[in-house]
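Participant: What follows is a predicted protein model with its sequence.
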Amino acid sequence: MLPEVEAWLRGRTSSSDDWPLPELVAAKGETTVSVVLPARDEEETVGEIVAAIRRDLVEAVPLVDEVVVIDSRSVDETAVRAARAGATVIAQDEILPDLKPLEGKGEALWKSLAVTSGDLLVFVDADLREFRTSFVTGLLGPLLADPGVAYVKGCYDRPLRDMPGGGGRVTELVARPLLNLHWPMLAGFVQPLAGEYAGRRSVLERIPFVGGYGVEIAMLIDLLDLAGLDALAQVDLGRRVHSHQSTEALGAMAAQILQAVWSRLERQGKMVALHTPVPRLAQFRRGATGHRVSVRDVAVAERPPMITIPAYRPAG
């Protein structure tokens with residue numbers, strides 16, 4: 001590991017326990033905070049997450065100013081349960097309706113910039129189980145304590161069945177090797193694909209957002225390029241429990257991550273592309289008559305920095 005990264009790990013890594021709630025409230029001042037949950041068919045968990053944030057961080061103390069759920073075309077009761085728990089629920093396709101809709105989590109995250117008002121935005125996945133509001137307070141800590149910090153990434157243990165650290169399969173097999181190979185300054189991030197992170201609006205609105213599962217790794221790479229390593233931090237949030245995806249789904253995720261990385265290697269002059277990647281993934285499953293092939297589209301669209309969109313006006 002590079003000496004600069006070792007120094008960064010010592011100076012920019014903390015724990016959620018390092019950021020007591022009273023200190024955060026005192027440090028907040030006039031800063032406004034938005035918590036955003038991108039959600040698609042998460043009726044089992046989204047309500048409990050929203051209710052906990054409102055109870056502990058909106059009603060008990062004035063830390064969070066708004067809780068917004070971006071409903072990404074759910075077909076279950078995600079929107080109903082989130083609204084019942086106290087969130088402002090906005091359908092993804094109703095935001096900036098003059099733009100052609102795109103697919104993927106990154107689209108919901110990008111569009112949230114247009115319907116929130118906070119100076120700081122905290123993003124939390126809506127499928128978390130055993131959720132603790134220390135996820136939110138931990139991510140806010142470095143941002144409220146140090147104006148030089150622009151973005152904070154969560155890290156944690158991810159149990160998979162009986163394996164305490166077995167949940168980060170795509171991280172260990174795809175994302176971490178890619179970052180160590182091409183962006184070694186990012187090698188200190190424990191969970192580069194974590195869905196829990198926070199940032200300053202003034203920075204987030206100046207980077208592009210990848211539409212699919214590549215959004216997290218692309219965001220790290222782009223923020224390193226824009227703001228530098230010292231503007232990035234990570235916080236240990238403890239333990240994260242959520243539903244795990246199938247191996248086939250993880251394959252599609254890996255394909256989108258590879259495409260997001262490819263585009264940034266090319267954009268930053270780290271490689272010369274001699275062909276265009278094929279955005280299709282063939283996968284196999286054994287059936288009654290042998291192996292059956294299924295081909296899925298894993299194309300990755302990308303939104304430009306929100307600040308470049310003429311219709312962009314932060315809500316409020």
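Facilitator: Yes, it's here. Residues are numbered from 1 along each chain as shown.

Participant: can you give me the helices for this protein?
Facilitator: For the chain, the helices defined by DSSP state H occupy 3-12, 21-28, 46-53, 78-85, 105-115, 134-145, 169-170, 176-182, 201-204, 215-227, 247-267.

Participant: Grab the nearest non-local neighbour of Gln191.
Facilitator: Here the nearest residue to Gln191 in space, its sequence neighbours aside, is Cys155; by CB to CB, 6 or more residues apart in numbering that works out to 4.3 Å. Just so you know, the C-beta spots here come from the backbone N, C-alpha and C atoms, and that holds for glycine as well.

Participant: picking that back up, so which of the helices of the chain comes closest to Met306?
Facilitator: Met306 lies closest, by CB to CB, to one member of the helices of the chain: helix 105-115, at 4.6 Å.

Participant: Direction-wise, compare that closest one with helix 247-267 and give the angle.
Facilitator: Here helix 105-115 runs at an angle of 70 degrees relative to helix 247-267 (axes from the mean of the first three to the mean of the last three CA atoms, to 10 degrees).

Participant: Go ahead and name everything in contact with helix 105-115.
Facilitator: For helix 105-115, the external contacting residues (CB atoms under 8 Å, 6 or more residues apart in numbering) are 34, 36, 38-40, 68, 70, 72, 90, 92, 95-96, 101, 121, 123, 201, 204-205, 209-215, 218, 301-303, 306, 309, 311-315.

Participant: Which positions in stretch 146-157 come out as buried?
Facilitator: Using 16 or more other CB atoms under 10 Å as the test for burial, stretch 146-157 gives 149-157.

Participant: Tell me which of those fall in strands.
Facilitator: Per DSSP state E, strands hold the following members of those: 151-157.

Participant: Poorly predicted segments of the stretch 201-316 of the chain, please.
Facilitator: 242-244 (pLDDT under 70).

Participant: ok, Ala175 - contacts?
Facilitator: Counting by CB under 8 Å, 6+ apart, Ala175 has contacts 192-193, 217, 257.

Participant: pLDDT score assigned to the nearest residue in space to Ala315 that is not next to it in sequence?
Facilitator: With CB to CB, 6+ apart as the criterion, Ala315 has its nearest non-adjacent residue at 4.7 Å, and that residue is Ser117. Ser117 carries a pLDDT score of 96 in this model.

Participant: Just to check, Leu2 is in contact with Trp183?
Facilitator: No - in terms of CB atoms under 8 Å, Leu2 does not count as a neighbour of Trp183; the distance is 10.8 Å.

Participant: So for the two, which residue has more residues nearby?
Facilitator: Trp183 (22 against 12; other CB atoms under 10 Å).

Participant: From Asp56, how far out is the more buried one?
Facilitator: Trp183 sits 36 Å away from Asp56, going by CB to CB, to the nearest Å.

Participant: neighbours around Tyr197, how many?
Facilitator: Neighbour count of Tyr197, defined by other CB under 10 Å: 24.

Participant: residues contacting it?
Facilitator: Tyr197 neighbours (CB under 8 Å, 6+ apart): 122-123, 139, 151-154, 216, 219.

Participant: any idea what sits nearest it, other than its immediate chain neighbours?
Facilitator: Excluding the flanking residues, the one nearest Tyr197 by CB to CB, 6+ apart is Lys153, at 4.8 Å.

Participant: okay if I get the helices of the chain as CSV plus mean neighbour count and distance to Val61?
Facilitator: CSV is the format used below for the helices of the chain (neighbours: other CB atoms under 10 Å; distance: least, CB to CB, whole Å):
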stretch, mean neighbour count, distance to Val61
helix 3-12, 14, 26
helix 21-28, 15, 5
helix 46-53, 23, 11
helix 78-85, 20, 18
helix 105-115, 25, 23
helix 134-145, 25, 10
helix 169-170, 18, 36
helix 176-182, 16, 36
helix 201-204, 18, 22
helix 215-227, 22, 29
helix 247-267, 19, 36
